[in-house]
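1. Sharing a model prediction with you, sequence too.
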Amino acid sequence: MNTIENVGKACTGCAACAQACPENAIQMRADAEGFLCPVINKALCVGCGRCKAVCAQLTPVSGRAPLSVFAAYSIDIKTLENSSSGGLFTVAARHIFERGGVVCAVALQKESWRAKFVFAANEEELKAMRGSKYVQADVGEAYTEVKACLSKGKQVLFAGCGCHVAALKAFLGKGAEGHSTIDIIWYGVPSSLMFQKYVQALEEHSGKLSDYVFRDKRHGWGMRLSYQAGGKEKSAVSMLDPYNFNFLKCRTYRESCYECRFAAATRQGDWTIGDYWGVLREHPGFYNELGVSALLVNTQKGQKMLEETREQ
């Protein structure tokens with residue numbers, strides 16, 4: 001593939017280059033392992049350099065050291081039950097909805113078993129964004145759509161991996177206002193092709209899948225799948241699901257994830273959130289069996305969002 005010069009295996013597949021190209025000379029195409037990579041049509045390229053300017057690997061975007069760090073969880077039980085950890089993403093999303101804004105984050109599309117960045121304008125649409133998705137998401141035109149929302153005066157909350165948040169910042173440029181960002185503390189990302197092949201194998205064994213939950217709290221934080229068999233809806237849970245097991249063993253990620261520059265003390269989002277593993281050891285009095293999040297507040301905007309959502 002004719003990928004952007006000097007990026008190579010460091011490419012995260014963030015797709016900022018494709019959306020920034022004024023000539024539409026860059027397309028995101030899957031490589032042999034199913035990871036999306038930028039491919040340049042040399043006949044259309046005019047050498048403007050916009051792709052390199054928004055590439056967070058070639059033109060690093062500076063992060064911020066946290067202003068404060070917390071263990072936190074939502075006080076709303078239903079939010080906790082339907083979240084992968086402490087429910088802080090939902091808390092932040094509601095904060096934006098109350099102000100007439102929208103949320104851009106990842107949902108698992110069950111008709112294709114692909115993860116993709118989508119938009120939500122209310123709680124019902126937010127449901128698909130909740131929970132962990134152990135697969136790399138297709139960014140699509142998310143940055144372009146965020147910019148369009150901002151140009152109309154609509155607030156946007158954007159949540160993704162550190163590479164996605166850095167890409168959005170580079171795409172929007174300095175001085176952009178009206179958006180808040182959350183970067184997720186994450187292991188790495190397997191390809192959608194791997195996950196689709198795994199789903200296919202499950203269906204050959206069990207029946208047509210209707211749902212796949214990467215982390216289900218009801219049965220000890222394991223995987224849960226639902227499927228059709230014998231004309232009935234059935235479900236199965238497992239702590240040793242091969243896909244999840246190899247994900248947790250760090251065996252299946254995109255190559256750039258193993259040297260991720262965003263897994264650092266300085267962060268990209270206004271908030272950084274992730275599972276607070278070890279909270280029972282470090283803060284036993286704050287432990288909640290439904291989940292606790294680590295929350296890093298990195299900017300004054302993030303601090304304000306914390307103050308305005310503290311009771312949620």
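-> Perfect, I can see it now.

2. what's across from the residue positioned nearest the centre of the chain in the sheet?
-> Geometric centre of the chain, nearest residue: residue 160, 3.3 Å, by Cα atoms, centre = their mean. Note on residue 160: beta-bridge partners by DSSP bridges are residue 183.

3. residues in contact with the residue located most distally from the centre of the chain?
-> Using Cα atoms, centre = their mean, the residue of the chain lying farthest from its centre is residue 230. It sits 35.6 Å away. Taking Cβ atoms under 8 Å, 6 or more residues apart in numbering as the definition of contact, residue 230 has no neighbours. Every residue, glycine included, has its C-beta placed from N, CA and C.

4. Name the nearest residue to residue 145, ignoring sequence neighbours.
-> Leaving aside its chain neighbours, residue 145 sits nearest to residue 119 (6.7 Å; criterion: Cβ to Cβ, 6 or more residues apart in numbering).

5. which residues does that neighbour contact?
-> Residues near residue 119 by Cβ under 8 Å, 6+ apart: 102, 103, 104, 125, 145.

6. cool, residue 82 as well?
-> Contacts of residue 82 by Cβ under 8 Å, 6+ apart are 90, 127, 130, 131.

7. List only those of those flagged as buried.
-> Burial by neighbour count, 16 or more other Cβ atoms under 10 Å: within the contacts of residue 82 this picks out 90, 130, 131.

8. CA-only coordinates of the biggest helix by length in the chain, as CSV, when you get a sec.
-> Ranked by residue count and defined by DSSP state H, the top helix of the chain is helix 192-205. What follows is helix 192-205, C-alpha atoms only, in CSV (Å, rounded to 0.1, in the frame of the first residue of the first chain):
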residue,chain,number,x,y,z
SER,A,192,-12.5,-5.9,13.1
LEU,A,193,-11.6,-8.7,10.7
MET,A,194,-10.4,-10.9,13.6
PHE,A,195,-13.6,-10.2,15.5
GLN,A,196,-15.8,-10.9,12.6
LYS,A,197,-14.1,-14.2,11.9
TYR,A,198,-14.5,-15.1,15.6
VAL,A,199,-18.2,-14.2,15.5
GLN,A,200,-18.5,-16.4,12.4
ALA,A,201,-16.8,-19.3,14.3
LEU,A,202,-19.2,-18.8,17.2
GLU,A,203,-22.2,-18.8,14.9
GLU,A,204,-21.1,-22.0,13.2
HIS,A,205,-20.9,-23.6,16.6
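
9. Give the buried residues for it.
-> Under the neighbour-count criterion of 16+ other Cβ under 10 Å, helix 192-205 has 192, 193, 194, 195, 198, 199, 202 buried.

10. Same list (the residues you listed) but as JSON lines, adding distance to residue 210.
-> Below are the buried residues of helix 192-205 laid out as JSON lines (distance: Cβ to Cβ, whole Å):
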{"residue": "192", "distance to residue 210": "19"}
{"residue": "193", "distance to residue 210": "21"}
{"residue": "194", "distance to residue 210": "21"}
{"residue": "195", "distance to residue 210": "16"}
{"residue": "198", "distance to residue 210": "16"}
{"residue": "199", "distance to residue 210": "11"}
{"residue": "202", "distance to residue 210": "12"}
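
11. want to try a markdown table for the residues you listed, with distance to residue 285 and pLDDT as columns?
-> Putting the buried residues of helix 192-205 into a markdown table (distance: Cβ to Cβ, whole Å; pLDDT from 0 to 100) gives the following:
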| residue | distance to residue 285 | pLDDT |
| --- | --- | --- |
| 192 | 41 | 95 |
| 193 | 45 | 96 |
| 194 | 41 | 96 |
| 195 | 38 | 96 |
| 198 | 40 | 94 |
| 199 | 41 | 94 |
| 202 | 41 | 90 |
